[in-house]
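**Student:** When you get a sec, could you give me coordinates for this:
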Amino acid sequence: TGLKLIVNLVDGLTGIHIWGDSYSTDLKPAALISFEERVASTVVSKISCEYGVIVKTLSAESKRIPPEELTTYQAMLRFYQFLADFSPETFVSTFEALHRACTHEPECGLAWSMLARLYSLNYSLELFDMETPLEKAAAFAERGVKLDPTNQRVRMTMAFILLFKNERSTGLAEVDRALQLNPNSLIILENLGYLMTLFGDWQRGPVLINQAIEQNPYYNTVVHYALWVDWVRQEEYEKAYAETLLFNRPLLFWDPLLKATNLGLLGRIEEGVKAGKDLLRCKPDFPARGRLLIRHYIKFDDIEARVIRGLKEIGIDIL
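**Tutor:** Residues are numbered from 1 along each chain as shown. Have a look, this model is predicted:
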């Protein structure tokens, strides 16, 4: 009376079972067609998205290889390892590996794009004391687009750079170009929704994020930040606070920043003060640098003002 499909992913070299799942449906023709589409998209997203099984497995293996011995593909995996742990050691090795990859394979647009994204992350978050100017990130991203203009990831990175350059209309157009390359792909759909939202497309951005969350169990949890921004815009602070609990990036100062701001706006001062202390432990110079850091990711004065007000409520004054 029904159909059960069991899917397994096995390492072809070692025979080690890496991942498995099962899916069921009834035998009605209409159900079978939708089942086929749902299983295909779900399996693809689980194994090949930016935080999927393949990346998690192979990037962990790449940690054992010195940066100077990494292939271009392994250098890209090292980049995803950095996205997973944001550690200083992984940043340095990724920085070296991607520079080497771009030197050895200068025609690889995706390598240039990943190097641009690495630079822009350090620029916008002030993670590590290394020279990663936005101008260089922009040059790398432009080179990536020139070499590989039909690659969604490359286009997405260009949009990230335009966000930090405060080019909102151009950036939103770049997101649209990336989306049109493959509107049905779940691989980076939530990231495109994230960028749409931060650029100010309050209608399409959150819808795209929630669609990706519903369909992709390995979605990038950072997108809850964009949903948080949208709820703060609407002054729906309880709903915004629910997003802070799903953001879950404890190594980034934005994690306690979201909670401290939101608790201040909700009047939950004692809890907010604790989150504020966590924020200052992550980023001791935040009172002096906070306004600039907030503006990297919030492009609207009314939302920025609410963030500053929330922090003030729990005792953090931004210069």
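
**Student:** Buried residues in the helix or strand bottoming out on mean pLDDT in the chain, which are they?
**Tutor:** Least confident helix or strand of the chain, by mean pLDDT, DSSP states H and E, is helix 53-62 with a mean of 82. By 16 or more other C-beta atoms under 10 Å, the buried positions in helix 53-62 come out as 53-59, 62. In short, each C-beta sits where N, CA and C put it, glycine included.

**Student:** Looking at these, spot the one nearest Val207.
**Tutor:** Val55 (25.9 Å; C-beta to C-beta).

**Student:** Spatially, what comes nearest to that closest one if we skip its sequence neighbours?
**Tutor:** Take Val55 and drop its neighbours on the chain: the residue closest to it by C-beta to C-beta, 6 or more residues apart in numbering is Tyr80, 4.7 Å away.

**Student:** I figured that neighbour hits Ser59, correct?
**Tutor:** Yes. Tyr80 lies in contact with Ser59 (C-beta atoms under 8 Å); the separation is 4.8 Å.

**Student:** that older thread, show the average pLDDT along the helix or strand hosting the residue nearest to Val55.
**Tutor:** In this assignment (DSSP states H and E), Tyr80 forms part of helix 72-85. Model confidence over helix 72-85 averages 89 on the pLDDT scale.

**Student:** In PDB, list the C-alpha atoms belonging to it.
**Tutor:** The C-alpha coordinates for helix 72-85 follow below in PDB (Å, rounded to 0.1, in the frame of the first residue of the first chain):
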ATOM      1  CA  THR A  72      42.200  24.200  -4.400                       C
ATOM      2  CA  TYR A  73      39.200  22.000  -3.600                       C
ATOM      3  CA  GLN A  74      40.600  21.300  -0.100                       C
ATOM      4  CA  ALA A  75      41.300  25.100   0.400                       C
ATOM      5  CA  MET A  76      37.600  25.600  -0.300                       C
ATOM      6  CA  LEU A  77      36.700  23.000   2.200                       C
ATOM      7  CA  ARG A  78      38.900  24.700   4.800                       C
ATOM      8  CA  PHE A  79      36.900  27.900   4.200                       C
ATOM      9  CA  TYR A  80      33.700  26.000   5.200                       C
ATOM     10  CA  GLN A  81      35.500  24.700   8.200                       C
ATOM     11  CA  PHE A  82      36.200  28.300   9.200                       C
ATOM     12  CA  LEU A  83      32.500  29.100   8.800                       C
ATOM     13  CA  ALA A  84      31.700  26.300  11.200                       C
ATOM     14  CA  ASP A  85      34.100  27.200  14.000                       C
END
